[in-house]
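*Asks:* Sharing a model that was predicted from the sequence below.
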Amino acid sequence: MIMTSEWAFILDEADELSAMILSSEQAQKLRNAYNDVYSNEKLVQQIQAFTRMKEQYEDVQRFGKYHPDYHKIMKEIRQQKRQLDLNELVANLKFAENDFQDLLDEISLIIGKSVSEAVKVPVSNPFFASNSSCGTGCGSGGSCSCSA
């Protein structure tokens, strides 16, 4: 591949976009939520215990209800997951992850549609996947001109 001024411009723009994403409010909230979760020693221990239990769960899934510890492991993993899900710090981290993913999805759609309307962009949020009359601007704080 030959480096042309157009490629250099694209790379510079990609670096600028990357810096903008990393300095976004969503990225900062994600970093803060991550630090809140992983600076809490008790919560880190719970996460590690859940990870170990997940390994046992995967082993149980291979054999199903015929595994000797099937009921015990199934019950315990549900309890541990519920305990983690109800933790406020973990919930905040999940919300921050979803917000950041929505930002990335919206950026991907904008880039994809700037190339061609026919470009299919995989997104995690069904709101972005729908072909509404307003395109991708609805989530940008009122700058959309749709009639939805």
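*Replies:* Cool, the structure landed.
*Asks:* Give me the neighbour count for Tyr57.
*Replies:* Tyr57 is surrounded by 17 other residues when neighbours are defined as other Cβ atoms under 10 Å. In this view, the C-beta of every residue, glycine as well, is placed from N, C-alpha and C.
*Asks:* contacting residues for the residue lying closest to it once chain neighbours are set aside?
*Replies:* For Tyr57, ignoring the flanking residues on the chain, the nearest one in space by Cβ to Cβ, 6 or more residues apart in numbering is Ile77 at 4.9 Å. If a contact means Cβ atoms under 8 Å, 6 or more residues apart in numbering, then Ile77 has Phe50, Met53, Lys54, Gln56, Tyr57 as its contacts.
*Asks:* Which secondary structure elements does the longest helix belonging to the chain sit against?
*Replies:* Selection of the longest helix in the chain by residue count, based on DSSP state H, yields helix 88-115. The criterion is 3 or more Cβ pairs under 8 Å, 6 or more residues apart in numbering; DSSP states H and E, and the helices and strands that helix 88-115 contacts are helix 5-22, helix 25-38, helix 126-129.
*Asks:* could I have the longest one exported to CSV, CA atoms only?
*Replies:* What follows is helix 5-22, C-alpha atoms only, in CSV (Å, rounded to 0.1, in the frame of the first residue of the first chain):
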residue,chain,number,x,y,z
SER,A,5,-1.7,12.4,1.3
GLU,A,6,-5.3,11.2,1.4
TRP,A,7,-4.3,8.2,3.6
ALA,A,8,-2.3,10.5,5.8
PHE,A,9,-5.3,12.7,6.2
ILE,A,10,-7.6,9.8,7.0
LEU,A,11,-5.1,8.5,9.6
ASP,A,12,-4.9,12.0,11.2
GLU,A,13,-8.7,12.2,11.3
ALA,A,14,-8.9,8.7,12.9
ASP,A,15,-6.4,9.8,15.6
GLU,A,16,-8.4,12.9,16.2
LEU,A,17,-11.7,10.9,16.5
SER,A,18,-10.0,8.4,18.8
ALA,A,19,-8.9,11.3,21.1
MET,A,20,-12.3,12.8,21.0
ILE,A,21,-13.9,9.4,22.0
LEU,A,22,-11.4,8.9,24.8
